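Engineer: what would the 3D arrangement of this be:
(one chain, ligands or ions: 1)
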Amino acid sequence: MKIIIGNIKLTNLVSNQSKPLKGEILVPGDKSISHRALIIGSMAVGRTIINGILESEDIISTSNALKELGISIYKQDSDKWFIDGNGISGFKTPNKSLNLGNSGTGIRLLMGAISGSNIIATFIGDDSLSKRPMLRIIKPLELMGASILKQNSGKIPITLSGPKELVSIQYKSPVASAQIKSALLLAGLAANGISEIIEPIKSRDHTENMLNFFGAAISSSLNKEGNNTVKLKGQPYLKAQNFIVPSDPSSAAFPIVASLIIPGSKIKINDMMINPTRIGLIDTLKEMGAKISLSNHKTICGENTATIHAEYSKLKGVTVPASRTASMIDEYPILAIAASKAEGNTFMKGISELRLKESDRIKMISSGLNSSGIKTIETEDSLNIFGGNVKGGCKLKSNLDHRIAMSFLILGLVAKEPIVVQDCDTINSSFPNFKILMKKLGANISGANF
Ligand code: S3P
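Structural biologist: Prediction:
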């Protein structure tokens, strides 16, 4: 049910105990890859055609921002997006502020991408994005020659201007963040010379894969400590491509965990991307005793995919090491739901970055679980969850965090009493057909009349 307050619409959803989930689904295109396909397609020469792009609010925000930056992007047929790229330094000064809505990836990657064009742009976003740190991006961009004309203590609104010429840098990132790495690589495209980005643990490598696919000279190497060094040769000729976006493992995570915790469930998810930098959740769930198997392996535009088979499993708690955070950074909320139904405790270490996501996810997971009858202990950078009886019977806020909303709707499917999640419009950021696909599998999720 949609309640209209002023011009803000709030959709509440309720999830109730469900019968076994059955059947097979295909989840929408990967969010990270969709952002990158739009941005890199805009920086290539010629017409890029993208199939299977994720049509969610975050991606529409990036597409609208690129249009403001002078790029022609349009959709034809049912599933094909066309981008007429203007080259690496081809962005134009926009007539209005670039509103990236809820999207941290969109705003951070675009800050890097436009730094190679001699233009001025102001970035804004919603209440959640306005609280998120941007210094991690704009500081290294300044080292490359970009100017920050206006900022609000490292938060948006931020006005950025690209110099006539960017310089390549060697940058050691303090955090394993694909957003930092990608922003600097996209800026590095315009710089003369080799850009070198070093990250403490390898984060998702879609920017590297896609730049390679579009013709850039880019390489990466891991040292003994697990540090990852990426080297990019500046000013490559990026040639437009036909690109297919594989399915998003971060969206598939919700039906996968639902099937593991609802007795009698058995589901199949077709052609999910299985890039090793993205499937830490699958490794963790298997350690917990999950019956998950993979078949039908394929490679699509430089990314590997497989069909995932998952069924109800008796789970046990595990310790999730800090070294795994990068490969499952977005999956902790849904892992917490699996942990609630596991025997014993699940201890998640080294997760302070979760406090800087769409919401403070450690706090949101912990308080939502406590309201549902599950005990937790949180510290600044860890969370311990004690599996037990999920009572439910609570009303939870999403705080403009799509993954928090979806996770607690999944918890409601195994709770004694229903769980209501308020303001579920936020789910449209990443997984617009979440409710439809979950219902197709048999999940009892509907509009809430309160
Ligand atoms: C993303 C990187 C991650 C992730 C986000 C998507 C990306 O952020 O949380 O949802 O597409 O590069 P960080 O790189 O900041 O950890």
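Engineer: residue contacts, the nearest residue to Gly344 once chain neighbours are set aside?
Structural biologist: Closest residue to Gly344 apart from its sequence neighbours, by Cβ to Cβ, 6 or more residues apart in numbering: Gly317 at 3.6 Å. Any C-beta I mention is one placed from the backbone N, CA and C, and that applies to glycine too. Counting by Cβ atoms under 8 Å, 6 or more residues apart in numbering, Gly317 touches 288, 339, 342-347, 385-387.
Engineer: before we move on, what about Ser128?
Structural biologist: By Cβ under 8 Å, 6+ apart, the residues touching Ser128 are 102, 358-359, 399-401.
Engineer: now swap in Asn444 and tell me
Structural biologist: Contact analysis of Asn444 by Cβ under 8 Å, 6+ apart lists 15-19, 413.
Engineer: so what's the residue of the chain most remote from its centre closest to, chain neighbours aside?
Structural biologist: Within the chain, Lys164 marks the point farthest from the mean C-alpha position, 32.2 Å out by Cα atoms, centre = their mean. Counting by Cβ to Cβ, 6+ apart, Lys164 lies nearest to Asn118, which is 5.4 Å off, once chain neighbours are set aside.
Engineer: show me what residue of the stretch 351-450 of the chain gets nearest to the ligand.
Structural biologist: As assessed by Cβ to the nearest ligand atom, the ligand sits closest to Glu353 within the stretch 351-450 of the chain, at 5.8 Å.
Engineer: how close does that residue sit to Pro20?
Structural biologist: Per Cβ to Cβ, to the nearest Å, Glu353 is found 35 Å from Pro20.
Engineer: Lys357 too?
Structural biologist: Applying Cβ to Cβ, the value for Lys357 to Pro20 is 32 Å.
Engineer: swap in Lys239?
Structural biologist: Applying Cβ to Cβ to Lys239 and Pro20 gives a distance of 49 Å.
Engineer: just so I have it, where are all the helices in the stretch 1-150 of the chain?
Structural biologist: 31-43, 57-68, 104-114, 135-143 (DSSP state H, counting those that start in this stretch).
Engineer: for the ligand, find the nearest of those helices.
Structural biologist: Across those, the ligand has its closest neighbour in helix 31-43 (3.2 Å, Cβ to the nearest ligand atom).
Engineer: what's the angle from the closest one to helix 57-68?
Structural biologist: 10 degrees (axes from the mean of the first three to the mean of the last three Cα atoms, to 10 degrees).
Engineer: which helices and strands sit right next to helix 31-43?
Structural biologist: Applying 3 or more Cβ pairs under 8 Å, 6 or more residues apart in numbering; DSSP states H and E, we find helix 31-43 packed against strand 45-51, helix 57-68, strand 80-86, helix 104-114, helix 178-188, helix 206-213.
Engineer: that older thread, can you put the helices of the stretch 1-150 of the chain in CSV and add mean neighbour count, distance to the ligand and mean pLDDT?
Structural biologist: Shown next, in CSV, are these (neighbours: other Cβ atoms under 10 Å; distance: least, Cβ to the nearest ligand atom, whole Å; pLDDT from 0 to 100):
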stretch, mean neighbour count, distance to the ligand, mean pLDDT
helix 31-43, 28, 3, 98
helix 57-68, 22, 9, 98
helix 104-114, 27, 4, 98
helix 135-143, 19, 8, 98
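Engineer: now those helices in TSV, with distance to Ala253?
Structural biologist: Output for these, formatted as TSV (distance: least, Cβ to Cβ, whole Å):
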stretch	distance to Ala253
helix 31-43	12
helix 57-68	17
helix 104-114	17
helix 135-143	25
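Engineer: circling back: which of the contacts of Asn444 count as buried?
Structural biologist: 15, 18, 413 (16 or more other Cβ atoms under 10 Å).
Engineer: measure the second one to Ser42 for me?
Structural biologist: It stands for Ser18. 42 Å.
Engineer: now Ile194
Structural biologist: 23 Å.
Engineer: buried residues, stretch 380-394. List them.
Structural biologist: 381-388, 390, 392, 394.
Engineer: quick one: Met328 and Leu281 touch, right?
Structural biologist: Yes. With contact defined as Cβ atoms under 8 Å, Met328 counts as touching Leu281 (4.5 Å).
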